[in-house]
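1. The sequence isn't on hand, but the structure is:
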């Protein structure tokens, strides 16, 4: 089927490519004219035949908000907007209401797959009405992996909520591997640390894609000497924790993983200055200036 | 090759079976005479041809200690004992020294695979001298999965240390999935929670054997209504945390997962009685008796 | 000076009493006519001489919002509203803007002191313009403890933000004592647990009002046998964590204390059902139904 | 009464001084001859009249072990050794047995008070037999604060166990203040952070000696600019966590505080290298080298 794709970066560009390989007619728009099929959103909408489907794949927050607003003015009743970015589920609900008031449908779609998605397919978590999701199934079928990798998780917002929780789980799993590696490296008991990780890929309880990736990374750089222990966090980890606090759900592991990332980005820990100051005050313990 | 197997329970029995299917000559001993090939350890040792290999697959701690001591008295220089149980790596070193003083070799072997190992193979993490490990390779080759699943991690103790850390990682991963599920269930945004987990098996960052197992469990009982939120912990999780504390390695995620298990077994939280008492003292907040 | 007090419950009633003892003219309003000086807010405003000061001491959220809105319609330019409840600092900013548009001043005031405040004074953390705070100083001077216990923390919202963080710290401290008590009780090494806590009131690093209160509680019920390990959380703990996540500040201790409260209110842990299910799947471990 | 004091450093020296001011006859020994009253332990023992009391105030571990062993050989039945250092409670039991076999008594004594103890007294937590503790009461009475500050917590080891838990609680409280400070500094809502802490000293739930000390530190250096966020940990925090794990007691707050110290001493986080490596592998996220 025909679809407009807004945002042709690392994710959107590859998704457009996978859709084209799957036989779909993709009209792409990007701020970068050298990779864009059309000059602006108006031209994109004009190029698509009603009822239109337009996939928004731009950064969450203000860029997505601005794009959805413009589309609201350009699209016609019966068209559908898909937000495939990393939006907050409450923003989805707002977008759904704004577009719905104009008769335009809205589906949110959490997308996982990263740089591997073009080849292996993208895992898709969708939220929206049965009717809207059904109409887009040809697109979802092409984007998703051959087997599985798709869920219609619930109403508007459910797709990004599911993706948000997926990412929270991902944070916890990554940190679990990270802690295990640090302990093995810190002790001198195990002398073949990389070999241990490699061996775990088969027959163990922890075999997983993340372990496969870690083995790849250790193959390239066994001591990870080339890397700094510095990790960004996307919004989803934070939102997972905040949603949990809203629902009085304890998330000790996911939160610890998020905090470890926060701490990794601090040159010095303000909190630990206080601890150092207190130790100095009551014990006369030397402090490091 | 020929091997003695001590302990023919859920793990040892299946391992003996996999070894026999692989063409090895296994002489099994168990306290339960109905499944034992020999009447006692002495008879086991007599039945084996020197240089012997004896695999100990009994509970860690006192039972393993007692078995190793008896074997030390019964075996001859050149024989090898393998401890495939969940022993602490410091116990391994003690056993290695005790047996070594008699000329008997010692290899520790962490075994992962649970009830699936008979069919899929057991992941093996071994510690010991190159010579001892090499001599036992025919056994390891048969027990391990077709591909990978084996590491000679280092000297005596390294096998159980690697397995200990593996289990620590496992705790963290399990808790990450558990927290994600709780949050999805607590919120009403996602209406197809089980479907979301199922969809994650393909194309996502968190695809893993544990996720496969969780999907199986949710297939059988989508709300896990039949289960109580009560989880035992084996020694390895505790030892991982204690080893980390010894090495000044922060393990926030693995420790949080361990503590969640501790808390799951408490009918009432003593600590939270103190919190309730304090709130009552300073705020006149009602307490629940 | 003259002041209107809205909300004459446990906190507001005692604060009105302390103000009257201090020589102020307090006109109180409460929904309960048996303790109210006036029939409604209109009458309250009429009874006060301009420029008026009205202290709102009602539950945070909708009740405070409704009260501030009504006051906005009833008050005149030059009057001041003080919100002494547990409002979120972002609500303060909204209220400040709404009232400011009508020429009415706004000061937020975090109040600590609980049932002890009438006698010992209330710790006050205020936010607002220098001018507004200065005008209210006679009130603050009477309410606060003889020494200290008052800060003008910053602009509108700063008072509640400071109180919010105070409560976050309080959560962490309470949980620290709680964990120490649980460990002492769980081990049999220390046989005089209550005596140990009592001894800590003098000369130790952890001497504190919370310790004094805990000793009082243990005096009344040494094993806390009369209490259930069940603790509510006020909004401030949650807001502290959410503000920290917004600012990428790791708060492992305060968050752990909050999560312990969440968990204390669960009959069964949904997360631990998942852990139990997984252990059963891979290890055939018995589950508790 | 007469007492021997071994170790005349920051703690032991001040304690000897406080005892002398209290009228006791203190014979001090230190490796540093310039501050020692005697040349060696033998001379110390010779100078004391039987039945002797000897207070050991040297670093925990090997130095204490060596001192206790030497004393065992030099002392006579009826003498008592007090270990006032930061020994592990299991070491106490060992020392108690070794000395007991020779008829020499043993009392362990956890001491809190730091550089303030000389003036304000030392909080003492003791373990040992009723008889031994009773005999030493004149010493304890002089060392402890005027009011409270003393407990006979249980049998041998109970004093150090109580002190260990005291320190665990201390870790949690310090970290709670530290996190609150960091959040206030990270946000721009509160502009008078130091003033907020100062105000909390009166009338609040969190008033405490640690808060007093923090206010002192902030008075000297409001932004703690002179300090690095680097904090050592004494053994007690680690032992608290390890004892909790042994007893299946969840200590999320105390453990988080310990881990924050571990992390504060790392130039780079090995664990976060793994997280960075994984993010790079699956998402092509840039890494920092």
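-> That came through fine. The shown structure was predicted, so the numbers you read here are calculated from the model rather than taken from an experiment.

2. Skip ahead from the top helix by length along chain A and say which helix or strand is next.
-> With residue count as the measure and DSSP state H as the assignment, chain A has helix A:158-186 as its longest helix. Counting by DSSP states H and E, the next helix or strand C-terminal to helix A:158-186 is helix A:193-199.

3. quick revisit: figure out how far the longest helix of chain A is from the centre of its chain.
-> Mean C-alpha position of helix A:158-186 versus that of the full chain (C-alpha atoms, centre = their mean, to the nearest Å) differs by 13 Å.

4. is chain D contacted by that helix?
-> Yes - Helix A:158-186 comes into contact with chain D when judged by C-beta under 8 Å from any C-beta of the partner chain, the residues involved being A:174-175, A:177-179, A:181-182, A:185-186. For every residue, glycine as well, the C-beta is placed using N, CA and C.

5. relative to helix B:158-186, how tilted is that helix?
-> Taking axes from the mean of the first three to the mean of the last three C-alpha atoms, to 10 degrees, one finds that helix A:158-186 is oriented at 160 degrees with respect to helix B:158-186.

6. if we can go back for a sec, take the residues of helix A:158-186 next to chain D and, keeping just the buried ones, write it as a PyMOL select command.
-> The command below creates a PyMOL selection of those among these that count as buried (16 or more other C-beta atoms under 10 Å in any protein chain shown):
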select buried, chain A and resi 174+175+177+178+179+181+182+185
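
7. Reformat the residues of helix A:158-186 next to chain D as CSV; add distance to chain C and pLDDT.
-> Converted to CSV, the residues of helix A:158-186 next to chain D look like this (distance: C-beta to the nearest C-beta, whole Å; pLDDT from 0 to 100):
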residue, distance to chain C, pLDDT
A:174, 16, 98
A:175, 13, 98
A:177, 17, 98
A:178, 15, 98
A:179, 14, 98
A:181, 20, 98
A:182, 17, 98
A:185, 22, 98
A:186, 20, 97
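
8. on that earlier part again, spell out whether the longest helix of chain A and chain B are in contact.
-> Yes - using C-beta under 8 Å from any C-beta, we find that helix A:158-186 touches chain B at A:158, A:161-162, A:165-173, A:175-177, A:179-180, A:182-184, A:186.

9. Kindly report the same for stretch A:95-110.
-> No - interface with chain B: stretch A:95-110 contributes nothing (C-beta under 8 Å from any C-beta), its closest point being 9.7 Å away.

10. Would you mark the buried spots in that stretch?
-> By neighbour count, with 16+ other C-beta under 10 Å as the criterion, the buried positions of stretch A:95-110 are A:95-96, A:98-99, A:104-110.

11. got a list of what the nearest residue to residue A:264 once chain neighbours are set aside touches?
-> Counting by C-beta to C-beta, 6 or more residues apart in numbering or on different chains, the nearest residue to residue A:264 once its immediate chain neighbours are dropped is residue D:272, at 4.0 Å. Residues in contact with residue D:272, defined by C-beta atoms under 8 Å, 6 or more residues apart in numbering or on different chains, are A:178, A:229-231, A:260-261, A:264.

12. Of the residues you listed, just say which sits nearest to chain B.
-> residue A:260 (6.4 Å; C-beta to the nearest C-beta).

13. contacting residues for that closest one?
-> Listed by C-beta under 8 Å, 6+ apart, the contact set of residue A:260 reads A:175, A:178, A:231, B:252-253, C:250, D:269, D:271-272, D:275.

14. Write a ChimeraX command that selects only the buried members of the residues you listed.
-> Restricted to buried positions by 16+ other C-beta under 10 Å, the ChimeraX selection for the contacts of residue A:260 reads:
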select /A:175,178,231 /B:252,253 /C:250 /D:269,271,272,275
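
15. Which one of the contacts of residue A:260 is nearest to residue D:225?
-> Distance from residue D:225 was checked for each of the contacts of residue A:260 by C-beta to C-beta. The minimum falls on residue C:250, at 20.6 Å.

16. My guess is that closest one contacts residue A:263. True?
-> Yes - applying C-beta atoms under 8 Å as the test, residue C:250 and residue A:263 come out as touching, 4.9 Å apart.

17. element containing residue A:5?
-> Assigned by DSSP H and E, residue A:5 belongs to strand A:2-6.

18. Is the following helix or strand past that strand positioned near chain D?
-> Proceeding N to C from strand A:2-6, the next assigned helix or strand is helix A:10-21, under DSSP H and E. Yes - Helix A:10-21 lies within reach of chain D by C-beta under 8 Å from any C-beta, at residue A:10.

19. quick one: helix A:10-21 to strand A:2-6, angle?
-> Interaxial angle of helix A:10-21 relative to strand A:2-6 (the same axes, to 10 degrees): 160 degrees.

20. for helix A:10-21, packing partners?
-> Helix A:10-21 is packed against strand A:2-6, strand A:25-29, helix A:117-120, helix A:137-143, with contacts defined by 3 or more C-beta pairs under 8 Å, 6 or more residues apart in numbering or on different chains; DSSP states H and E.

21. Check the offset of that helix from the chain's centre.
-> The answer for helix A:10-21 is 16 Å, by C-alpha atoms, centre = their mean.
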